[in-house]
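In: my questions are about this predicted structure, shown below with the sequence.
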Amino acid sequence: MFLLAREGWWHVVIALLVAIVMTVWLGWVWAIPFWLILIFVMQFFRDPHRISPKVPGQVLSPADGKVVFIGSTTDPYLNRQALKISVFMNVFSVHSNRSPTKGVIKKIWYFPGHFLNAELDKASEQNERNAIWITDSQEHSDIVFVQVAGLIARRILCYVKEGDALDWGQRYGFIRFGSRLDLYLPEKYVTQVQLGDKVAAGVDVVATHAK
């Protein structure tokens, strides 16, 4: 099912009106670029319906895109060693962000910053970002997932607050244009993806709890 993200409604309306005006003013041939812009805007703000697997111990991708980092690192939010998985979203990705697990939000951090290419590792520390700390209700694990603005992205949208409960795959935010999502997991988790893999938010499992 194709759905249009609410964040894009006005952008689509404006692009449609401009295309119609240019068609009336210039004719169909000269107005083609404006219709192509409308198509691009619609595909950028698409938000397809997702059915998320709800299996304790599984961590879902919080974003659509390509896996650009997997490794052990220091979690700057909880000051611990963690498994970090990063997903890069380009302008053709679905930009809705979804919860990777089920649990309660313990804390949210927002940091203004730069707008470096989000595919670079240093973007995790230098770019504008919004981090959410959630406690997994089944595994009692502390998981942090971070929205990171990119070179083109200039707007991070987060619709949840501390104390809110999230379910697997629940939509919680949106980032306009290219950006990335970072996941910080306890080291007891095992990655289920490889560098370069394409993943879908709220659908693909990126890590599992090691029993």
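Out: Cool, the structure landed.

In: run the chain-centre distance for the helix or strand harbouring Trp9.
Out: Assigned by DSSP states H and E, Trp9 falls within helix 9-26. Distance of helix 9-26 from the chain centroid (C-alpha atoms, centre = their mean, to the nearest Å) equals 28 Å.

In: what's in contact with that helix?
Out: Residues from elsewhere that reach helix 9-26 (C-beta atoms under 8 Å, 6 or more residues apart in numbering): Leu4, Trp30, Ala31, Phe34, Trp35, Ile37, Leu38, Val41, Met42, Phe45. For the C-beta atoms, the positions are set from N, CA and C on the backbone; glycine is no exception.

In: give me that answer again for 6 Å
Out: For helix 9-26, contacts defined as C-beta atoms under 6 Å, 6 or more residues apart in numbering pick out Ala31, Phe34, Trp35, Ile37, Leu38, Val41, Met42.

In: near the fifth one, how many other residues are there?
Out: Right, Leu38. 19 (other C-beta atoms under 10 Å).

In: mind listing the helices for the protein?
Out: Counting by DSSP state H, the chain has helices at residues 9-26, 28-44, 123-126.

In: and the strands in the protein, which stretches?
Out: 58-60, 65-75, 80-89, 96-98, 103-111, 129-136, 142-149, 156-158, 165-166, 171-175, 179-185, 189-191, 198-199, 205-209 (DSSP state E).
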